[in-house]
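Peer 1: prediction below, plus the sequence it came from.
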2 protein chains.
Amino acid sequence: MKHVVIVGAGFGGIRVAKVLARSDIKVTVIDKRNYHLFQPLLYQVSTAGLSVDDIAYPVRAILSNFPNVHFHMDEVINVDFAKQCVIGNMGSVDYDYLVLAPGGMTNYFGMESVAKHSYGLKNLDEAVSIRNHVLRKFEEAAFEENPDRQKALLTFVIVGGGPTGVESAGALSELIYHVMAKEYHNIDFTQVRIVLIEASDKLLAAMPQDLGEATRDILSEKNIEVRLNVQVADYNGEQLTLTGGETIQTHTVIWAAGVRAADLLDKLPVRQGHLCRAVVNEYLQLPEHPEVFVIGDASHFEQNGRPLPMIAPVAIQQADVAATNILNRINGKPLQRFVFKSVGNMATIGRNAAVVHIGNIKLKGFFAWLLWSVIHIWRLIDFRNRTVVFMKWIWDYLFYERAVRIITRQ
Amino acid sequence: MKHVVIVGAGFGGIRVAKVLARSDIKVTVIDKRNYHLFQPLLYQVSTAGLSVDDIAYPVRAILSNFPNVHFHMDEVINVDFAKQCVIGNMGSVDYDYLVLAPGGMTNYFGMESVAKHSYGLKNLDEAVSIRNHVLRKFEEAAFEENPDRQKALLTFVIVGGGPTGVESAGALSELIYHVMAKEYHNIDFTQVRIVLIEASDKLLAAMPQDLGEATRDILSEKNIEVRLNVQVADYNGEQLTLTGGETIQTHTVIWAAGVRAADLLDKLPVRQGHLCRAVVNEYLQLPEHPEVFVIGDASHFEQNGRPLPMIAPVAIQQADVAATNILNRINGKPLQRFVFKSVGNMATIGRNAAVVHIGNIKLKGFFAWLLWSVIHIWRLIDFRNRTVVFMKWIWDYLFYERAVRIITRQ
């Protein structure tokens, strides 16, 4: 029986496993974490809207109905393409076919001081760290008598005007002005400052121009200062320096300005393209190793002369093609070429407000938000927690409350 | 305006704050954590039945409706009784009246090797550590080829036959045999061993003899080995040695055999009684400092010649008397003597099974379990998360599922 090893239990890896589960193949999913993460809602954990468990679900629970699919929790540290085996901390696993789907990680573009002092938002630990940090800054501010230092404790900077930055800024504004404002009686909330910094001249660059402008207006209404055409030069944990020399005193910088492929790829003999991703051929194979497929955030695939973005729909569509091509190779059939079909773009900016762009349809405001909510709950269905998430949202919507505001890991 | 400082946001501290909230007094609650913890369900977090957020609720949210009650997150490291001020890491806070309600902590009775290698179950971090550890041992066992080592990875020892030990053992058995057994196809679950160790000759010593025996029978049906009249002599992380010389190879020892008062008391000039608790007078005051009250797990109060147990009902009843006595002192009224009224004892041993002893009523089995569930959900009501907890229980009951099985903090 052929053995397919899948590295990574993200959207791409899990999808490959589910497709192959119906066939007469042994499948092993390897991940250093024992859970699948619903990344699109990660910013809700960082802003105390959802619990860790609402968006993380055990891989074994997802795969429990498939007797031919196994899970192995281990960190993959190398791959021996010649011997066809995956090497982890606990041991090695041989494969006939390999699917590399290790995902992405925060990219600080080599700025070490920024990497050291700011918070990424690409995995669950980072999200919980942001939540703990923001809540702790409010506790410190409540006891702080020096007005300059209090102001710095209450200044929150988000870097990056893409969906993650926009969604984080919107959710942070609501957490602060609608929830925290009711409970910190001795803090003057006019001292709070939320700044969103974007290097280019527009927000949500993948969206049509007018939706980006609408996003900017909505963020402004939420007391968020949007700063375009400016970049971060340095950050020492208390002072953020922008290109041009302007400084902002802040204890909190959330870095949503860049991602790159997982650093596992740096150790492998593969050609790395844009954002360190592994360059694959039209069938998603490594050119020198046709039994190895790379999909999702770790895969560099060009379409219409441009590399595809690092988003879940790409990973899921690539997973279908990679799984089909493994079956086709086993069965001696011709391989299928990968072509990405856009499913549209959307971003939520908070309560009642989102922007949606699907085909020729452009929506903004309440109905866009409703559509965003329905689609995200629908997508969570595969991972069971929909009822709890849905109830929490309804509850939060009605009562402007966030129950998850506990500071863990003291 | 008089200023009452309350150290600790557990059952006792929160209760004092709520009683005093109705009066013309400034109240400050200080705790090193920003959440109140519903301790009776802590074992459910350690066995993946509930999320951290289900039993932890922000103190500020609990107190948000009381403008005269403030919260200050800080670790209290000392009290200056002469100057009437509480000293924390962030600064000091003056008081007119002080309520010390810092709670309890795990007591290893000076056994350092046991303290180092086993897991306590008295705070949220400990509960999450147990959850992560147990899940990780199963992942390791699934990949382990040495049968002796696999057996040791699958051996779980719980020390202490009180409610915490009994409830943990029952919940662990259900997690393993009803949930994990479905997902680890290559583990032989007859290799799993759960051992409950108790130094005395009975379980649940506070209960009538026959309920303790019924508990033992129910645990045996759940594949738990109950060992009475034996104590732990040593544990090095892989081998547990019992008095008498018997050894058990195990990577997991959960220590539910002892609690003591918070170690803050060790630093204060107070007389410490049984389990390091501060000895108080009949009005719950420190004899030398009538403006200082000590309640809950930190308070040594004797009734009928025996110190009261460290349980929530004692803390809550003491909170009412301490709050009343503070008001009475301010208003020049005579103080109220504290008398504990037993509310009964109960412990759940898992699905459909509990033991309950209230007054002359003794119950065991399904109806005891139903009563236990209703009472605990009712008590959670004060802290809001009842709906989520209730839904999760219903879900788990119907589907034998535990969604919280994610390993955090890698």
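Peer 2: Received, thanks.
Peer 1: where does chain A have low pLDDT?
Peer 2: Low-confidence segments of chain A, defined by pLDDT under 70: A:380-406, A:409-410.
Peer 1: give me that answer again for 80
Peer 2: Residue ranges of chain A with pLDDT under 80: A:53-54, A:351, A:377-410.
Peer 1: A:Trp378 - how many residues pack around it?
Peer 2: 10 (other Cβ atoms under 10 Å in any protein chain shown). C-beta coordinates here come from the backbone N, C-alpha and C atoms, glycine included.
Peer 1: A:Phe366 too?
Peer 2: By the measure other Cβ under 10 Å, the count of residues near A:Phe366 is 12.
Peer 1: and the nearest residue to it once chain neighbours are set aside, what does it touch?
Peer 2: Excluding its sequence neighbours, the residue lying closest to A:Phe366 (Cβ to Cβ, 6 or more residues apart in numbering or on different chains) is A:Asn352, at 4.8 Å. Neighbour list for A:Asn352: A:365-366, A:369 [criterion: Cβ atoms under 8 Å, 6 or more residues apart in numbering or on different chains].
Peer 1: please enumerate the helices of the stretch 101-250 of chain A.
Peer 2: In the stretch 101-250 of chain A, the helices defined using DSSP state H, counting those that start in this stretch lie at A:112-117, A:124-143, A:147-153, A:163-174, A:209-221.
Peer 1: now for the last one, which elements pack on it?
Peer 2: Packing partners of helix A:209-221 (3 or more Cβ pairs under 8 Å, 6 or more residues apart in numbering or on different chains; DSSP states H and E): helix A:163-174, strand A:224-227, strand A:345-350, strand A:353-358, strand A:361-365.
Peer 1: over to the shortest one?
Peer 2: Secondary structure elements in contact with helix A:112-117, counted by 3+ Cβ pairs under 8 Å, 6+ apart, are strand A:232-235, strand A:252-255.
Peer 1: so which of these gets nearest A:Met180?
Peer 2: Taking Cβ to Cβ, strand A:252-255 is the member of the helices and strands packed on helix A:112-117 nearest to A:Met180, at 13.6 Å.
Peer 1: who does the closest one touch, helix- and strand-wise?
Peer 2: helix A:112-117, strand A:119-120, helix A:124-143, strand A:155-159.
Peer 1: if we go to 6 Å?
Peer 2: For strand A:252-255, the elements it packs on are strand A:155-159, judged by 3 or more Cβ pairs under 6 Å, 6 or more residues apart in numbering or on different chains; DSSP states H and E.
Peer 1: next to chain B, which bits of the stretch 1-150 of chain A? Give me the list.
Peer 2: Proximity of the stretch 1-150 of chain A to chain B (Cβ under 6 Å from any Cβ of the partner chain) is limited to residues A:34-35, A:51, A:53, A:56, A:58, A:60, A:64, A:73, A:90, A:139, A:143.
Peer 1: what's the most distant pair in those?
Peer 2: Maximum pairwise distance in the residues of the stretch 1-150 of chain A next to chain B, criterion Cβ to Cβ, is 48.2 Å, between A:Ser64 and A:Phe143.
Peer 1: what about the closest residue in space to A:Val86 that isn't next to it in sequence, neighbour count?
Peer 2: Nearest residue to A:Val86, sequence neighbours excluded (Cβ to Cβ, 6+ apart): A:Val93, at 4.9 Å. By other Cβ under 10 Å, 21 other residues sit near A:Val93.
Peer 1: three-state assignment of A:Val93?
Peer 2: strand (DSSP: H, G, I helix; E, B strand; the rest coil).
Peer 1: pretty sure it contacts A:Gln84?
Peer 2: No. A:Val93 lies out of contact with A:Gln84 (Cβ atoms under 6 Å); the separation is 10.0 Å.
Peer 1: overlap in contacts, these two.
Peer 2: Counting by Cβ atoms under 6 Å, 6 or more residues apart in numbering or on different chains, A:Val93 and A:Gln84 have no contacts in common.
Peer 1: what count of nearby residues applies to A:Gln239?
Peer 2: 14.
Peer 1: how about the contacts made by it?
Peer 2: Counting by Cβ under 6 Å, 6+ apart, A:Gln239 touches A:247, A:249.
Peer 1: on that earlier part again, to B:Asn236, which of the helices and strands packed on helix A:209-221 lies closest?
Peer 2: helix A:163-174 (45.9 Å).
Peer 1: check which helices and strands the closest one sits against.
Peer 2: Using 3+ Cβ pairs under 6 Å, 6+ apart: helix A:163-174 touches helix A:42-46, strand A:155-159, strand A:345-350.
Peer 1: output the ones you listed as JSON lines; include the columns mean neighbour count.
Peer 2: Output for those, formatted as JSON lines (neighbours: other Cβ atoms under 10 Å in any protein chain shown):
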{"stretch": "helix A:42-46", "mean neighbour count": "26"}
{"stretch": "strand A:155-159", "mean neighbour count": "25"}
{"stretch": "strand A:345-350", "mean neighbour count": "24"}
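Peer 1: to B:Asn107, which of these lies closest?
Peer 2: B:Asn107 lies closest to helix A:42-46 among the helices and strands packed on helix A:163-174, at 34.7 Å (Cβ to Cβ).
Peer 1: elements contacting the closest one?
Peer 2: Applying 3+ Cβ pairs under 6 Å, 6+ apart, we find helix A:42-46 packed against helix A:124-143, helix A:163-174.
Peer 1: got the angle for the shortest one vs strand A:155-159?
Peer 2: Meaning helix A:163-174. Computed with axes from the mean of the first three to the mean of the last three Cα atoms, to 10 degrees, the direction of helix A:163-174 lies at 160 degrees from that of strand A:155-159.
Peer 1: could you dump helix A:163-174 to CSV, C-alpha only?
Peer 2: What follows is helix A:163-174, C-alpha atoms only, in CSV (Å, rounded to 0.1, in the frame of the first residue of the first chain):
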residue,chain,number,x,y,z
PRO,A,163,-7.1,42.1,6.1
THR,A,164,-5.3,41.0,9.3
GLY,A,165,-4.3,44.6,10.2
VAL,A,166,-7.7,46.0,9.3
GLU,A,167,-9.6,43.3,11.2
SER,A,168,-7.4,43.5,14.2
ALA,A,169,-7.7,47.3,14.4
GLY,A,170,-11.5,47.2,14.2
ALA,A,171,-11.8,44.4,16.8
LEU,A,172,-9.3,46.2,19.1
SER,A,173,-11.3,49.4,18.9
GLU,A,174,-14.5,47.6,19.8
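Peer 1: that helix to strand A:345-350, inter-axis angle?
Peer 2: On the basis of the same axes, to 10 degrees, helix A:163-174 is oriented at 10 degrees to strand A:345-350.
Peer 1: what separates helix A:163-174 from the chain centre, distance-wise?
Peer 2: Centroid separation for helix A:163-174 versus its chain: 13 Å, with Cα atoms, centre = their mean, to the nearest Å.
Peer 1: contacts for that helix?
Peer 2: If you take Cβ under 6 Å, 6+ apart as the criterion, helix A:163-174 is touched by A:43, A:47, A:121, A:158, A:194, A:196, A:203, A:215, A:222-224, A:254, A:256, A:347-351.
Peer 1: what's the closest non-adjacent residue to A:Arg94?
Peer 2: Careful, residue A:94 is Asp; it's not Arg. Take A:Asp94 and drop its neighbours on the chain: the residue closest to it by Cβ to Cβ, 6+ apart is A:Cys85, 4.7 Å away.
Peer 1: the one you found: how many residues sit nearby?
Peer 2: 17.
Peer 1: so what sits opposite it in the bridge?
Peer 2: When bridges are called by DSSP bridges, A:Cys85 pairs up with A:Asp80, A:Asp94.
Peer 1: give me phi/psi at A:His274?
Peer 2: Dihedral pair for A:His274: phi -60, psi 130, per degrees, to the nearest 10.
Peer 1: in the sheet, who's paired with the residue nearest to it when sequence neighbours are not counted?
Peer 2: Setting aside the residues directly before and after it, A:His274 is nearest to A:Pro307 in space (Cβ to Cβ, 6+ apart), at 4.7 Å. Beta-bridge partners for A:Pro307, by DSSP bridges, are A:Glu302.
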